[in-house]
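> Pasting the sequence and the predicted model now:
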Amino acid sequence: MPDQDNKFPFEEHLLQMKEYEQDVIWIKGRPFIVQPATIDDIERINKGYFCMD
């Protein structure tokens, strides 16, 4: 069984986001826009997958 204490930062918040909601996450002074991806987004970008099941 995986260790439940090892979670992705902001995991609970990210999983609760609705489709088309956006947030800004700052990492070492650089802003990143995050939002839940749609199938169209995944097909359009078609690279850089990080799967965390």
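Thanks, I have the structure now. In this text, all values refer to a predicted model and were calculated from it rather than measured experimentally. Residues are numbered from 1 along each chain as shown.
> I figured residue 20 was touching residue 40, is that so?
No: here residue 20 does not reach residue 40: they are 11.6 Å apart, not a contact under C-beta atoms under 8 Å. Heads up, the C-betas are built off the backbone N, CA and C, glycines and all.
> Could you work out the end-to-end span of stretch 31-44 for me?
Terminal residues of stretch 31-44 are spaced 22 Å apart (C-alpha to C-alpha, to the nearest Å).
> Sorry, wrong one. I was asking about stretch 27-35.
Note: stretch 27-35 ends 16 Å apart using C-alpha to C-alpha.
> Please apply the same query to stretch 8-25.
Note: stretch 8-25 ends 13 Å apart using C-alpha to C-alpha.
> That one: how far from the chain's middle?
6 Å (C-alpha atoms, centre = their mean, to the nearest Å).
> And that stretch, what's buried?
By neighbour count on 16 or more other C-beta atoms under 10 Å, the buried set for stretch 8-25 is empty.
> What's the mean pLDDT across it?
Average pLDDT, stretch 8-25: 90.
> Helix, strand or coil: sort out the closest residue to residue 24 other than its chain neighbours for me.
Spatially, and ignoring its direct neighbours in sequence, residue 24 is nearest to residue 31 (5.1 Å; C-beta to C-beta, 6 or more residues apart in numbering). Under DSSP: H, G, I helix; E, B strand; the rest coil, the three-state class of residue 31 is strand.
> Likewise for residue 15?
helix.
> Show me the contact partners of the helix or strand residue 43 falls within.
Using DSSP states H and E, residue 43 sits in helix 39-45. For helix 39-45, the surrounding residues in contact (C-beta atoms under 8 Å, 6 or more residues apart in numbering) are residue 37.
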